[in-house]
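In: The sequence and its predicted three-dimensional model are supplied below.
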Amino acid sequence: MDAPLPPLAPLADPTSALDDLNPLPRLLMGPGPINADPRVLRAMSAQLLGQFDPQFRQMMRETMVLYRQVFETANDWTFIVDGTARSAIETAMVSFVEPGDRVLVCSFGRFGQLKSEIARRVGAQVKVIECEWGTVFAPEAIEAAVKAFSPKLVTVCQGDTSTTMCQPLEEIGRICHRYGALLQVDATASLGGTPLPVDDWQIDCVTGGLQKCLAGPSGASPVTLSEAFARAIYRRRHIEEGVRPANYVPGSGRMISSNYFDLAMVIDYWSDNALNHHTEATTMLYGARECARIFVKEGHAAVFRRHAQASRAVVAGIEAMGLRVFGDVAHKMPNVTGVWIPEGVNGDRVRAALLNDFNIEIGTSFGPLHGKIWRIGAMGYNARRDAVLGTLAALETVLAAEGHRLPRGAGVDAAYATYKAG
Ligand SMILES: Cc1ncc(COP(=O)(O)O)c(C=O)c1O
């Protein structure tokens, strides 16, 4: 029998729907989303424009220019997909992969599993290689799988927030190309926090999100496509009936099975053809442009240094409190740290006290790690000394109040010392 529809409780007080929207000022120190940079929120309050207004088309072009810098690429097809990060992953996959194509998924956490799920829905023949949660792949392991499976596409996360691990990618693009595969990278959680020179590393498609290191809200996703990736998609171009130009000739490839996620039409929309497709999410475009502008203005090296410094401070603070950091610390993402929940401590109660008494949110975890680790993020606008020190201080107080014995003051002192050391 099919499952019944899920329960849906009514509002305790239906009149609350008419109250002003006035959320408590939470400090979001989980794996993302995090607090948006106030400049991004300001940009998003600008008045709307029509999507074919020359001012707006100009902003779209500027956004492309800025994201080419963020991605360190010369790729023409560098733009924004409207939707959260998984929409960008799905857009790339459904537009590039045809039913029956071989896709190799290198999975080291929940978001690797997401990519195999999307690839299967697209009708690909999927092979998944996995490594233990808390570790990453050696390039040789990926090479062996590419060689044995001959995929059309290899897909992998750079940072998988579920495990906090960061996969080294320097060699993977070259490995894929050696065997005739293209490489798609999900950099949702790492873009803007850790180096990702797309052209140097020969990555064919990168998808990101704004809500992590780029200090924006979720809802628009930066994407960059290599020439080879874009051409393969554009072969499948079948323009929607209502907007076909007089000289329209459909592509020779198979029609992409989604309209919204048809990257060939999205390319046409962002190109000089300016073909109508979706109504660009104006406010999200303003936000995405501002995220990139802020990043580029601060500069890659300075932003990465700020994230690395926050990571050192969190790790030092956690260890000085007598807690243990999860996983292979040498391959930890700089922006998220997994922390083993100590024996006898109720992890959910600690998170609830942090939220209710300190307005600080830290993350829980998924799958095999559920109930075992917390995830503490320090990224984007929140990769700041005050945010890190305040979080460690609050965690210490809550743990002590829960009856956990720990050296008082040691966590904040150790983290503070890493900042003093520079
Ligand atoms: C690595 C990774 N990929 C994909 C996603 C999905 O992103 P979204 O929730 O914006 O669709 C996330 C979200 O946390 C993520 O961390």
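Out: Arrived safely.

In: which secondary structure elements does the longest helix along the chain contact?
Out: Assignment by DSSP state H gives helix 300-320 as the longest helix of the chain. Secondary structure elements in contact with helix 300-320, counted by 3 or more C-beta pairs under 8 Å, 6 or more residues apart in numbering; DSSP states H and E, are strand 336-340, helix 385-401, helix 410-421. Placement of C-beta: from N, CA and C, glycine included.

In: Alpha carbons only: can I get the second one in PDB?
Out: Backbone C-alpha positions of helix 385-401 (Å, rounded to 0.1, in the frame of the first residue of the first chain) are rendered in PDB as follows:
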ATOM      1  CA  ARG A 385      36.900  36.200  14.900                       C
ATOM      2  CA  ASP A 386      34.000  37.500  17.000                       C
ATOM      3  CA  ALA A 387      31.600  34.900  15.600                       C
ATOM      4  CA  VAL A 388      34.100  32.000  16.200                       C
ATOM      5  CA  LEU A 389      35.000  33.100  19.700                       C
ATOM      6  CA  GLY A 390      31.400  33.800  20.700                       C
ATOM      7  CA  THR A 391      30.400  30.300  19.500                       C
ATOM      8  CA  LEU A 392      33.200  28.500  21.400                       C
ATOM      9  CA  ALA A 393      32.400  30.500  24.600                       C
ATOM     10  CA  ALA A 394      28.700  29.600  24.300                       C
ATOM     11  CA  LEU A 395      29.400  25.900  23.600                       C
ATOM     12  CA  GLU A 396      31.700  25.700  26.600                       C
ATOM     13  CA  THR A 397      29.000  27.300  28.900                       C
ATOM     14  CA  VAL A 398      26.300  25.000  27.600                       C
ATOM     15  CA  LEU A 399      28.500  21.900  27.900                       C
ATOM     16  CA  ALA A 400      29.400  22.800  31.500                       C
ATOM     17  CA  ALA A 401      25.700  23.400  32.300                       C
END
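
In: Centre of the chain to that helix, how far?
Out: 26 Å (C-alpha atoms, centre = their mean, to the nearest Å).

In: Now it: buried residues?
Out: Neighbour-count burial for helix 385-401, with 16 or more other C-beta atoms under 10 Å as criterion, is recorded at 385, 387-396, 398-399.

In: can I get those in a markdown table with distance to Glu140?
Out: Shown next, in a markdown table, are those (distance: C-beta to C-beta, whole Å):
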| residue | distance to Glu140 |
| --- | --- |
| Arg385 | 39 |
| Ala387 | 39 |
| Val388 | 36 |
| Leu389 | 41 |
| Gly390 | 43 |
| Thr391 | 38 |
| Leu392 | 38 |
| Ala393 | 44 |
| Ala394 | 43 |
| Leu395 | 39 |
| Glu396 | 42 |
| Val398 | 44 |
| Leu399 | 41 |
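
In: The residue nearest to the spatial centre of the chain is in what secondary structure piece?
Out: What sits nearest the mean C-alpha location of the chain, by C-alpha atoms, centre = their mean, is Thr188, with 1.5 Å. Element membership for Thr188 (DSSP states H and E) is empty, with no helix or strand holding it.

In: who are the neighbours in contact with it?
Out: For Thr188, the residues meeting the contact criterion (C-beta atoms under 8 Å, 6 or more residues apart in numbering) are Ala85, Ile89, Phe111, Cys157, Gly159, Thr161, Thr207, Gly208, Gly209, Lys212, Ser221.

In: Among those residues, which one sits closest to Phe326?
Out: Of all these, the one sitting nearest Phe326 is Thr161; the distance, using C-beta to C-beta, is 12.3 Å.

In: as a whole number, average confidence for stretch 28-36?
Out: Stretch 28-36 carries an average pLDDT of 98.

In: Over to stretch 82-96?
Out: Model confidence over stretch 82-96 averages 98 on the pLDDT scale.

In: returning to what we had before: can you tell me what sits against the longest helix of the chain?
Out: The contact list for helix 300-320 (C-beta under 8 Å, 6+ apart) reads 72, 192-195, 213, 295, 298, 324-325, 329, 332-335, 337, 339, 376, 378-379, 383-385, 388-389, 391-392, 407, 410-419.

In: switch to 6 Å and redo it
Out: If you take C-beta atoms under 6 Å, 6 or more residues apart in numbering as the criterion, helix 300-320 is touched by 193, 325, 334-335, 337, 339, 376, 378, 383, 388, 392, 410-411, 414-415, 418-419.

In: and the residues you listed, which are buried?
Out: When neighbours are counted using 16+ other C-beta under 10 Å, the contacts of helix 300-320 contain these buried positions: 193, 325, 334-335, 337, 339, 376, 378, 383, 388, 392, 410-411, 414-415, 418.
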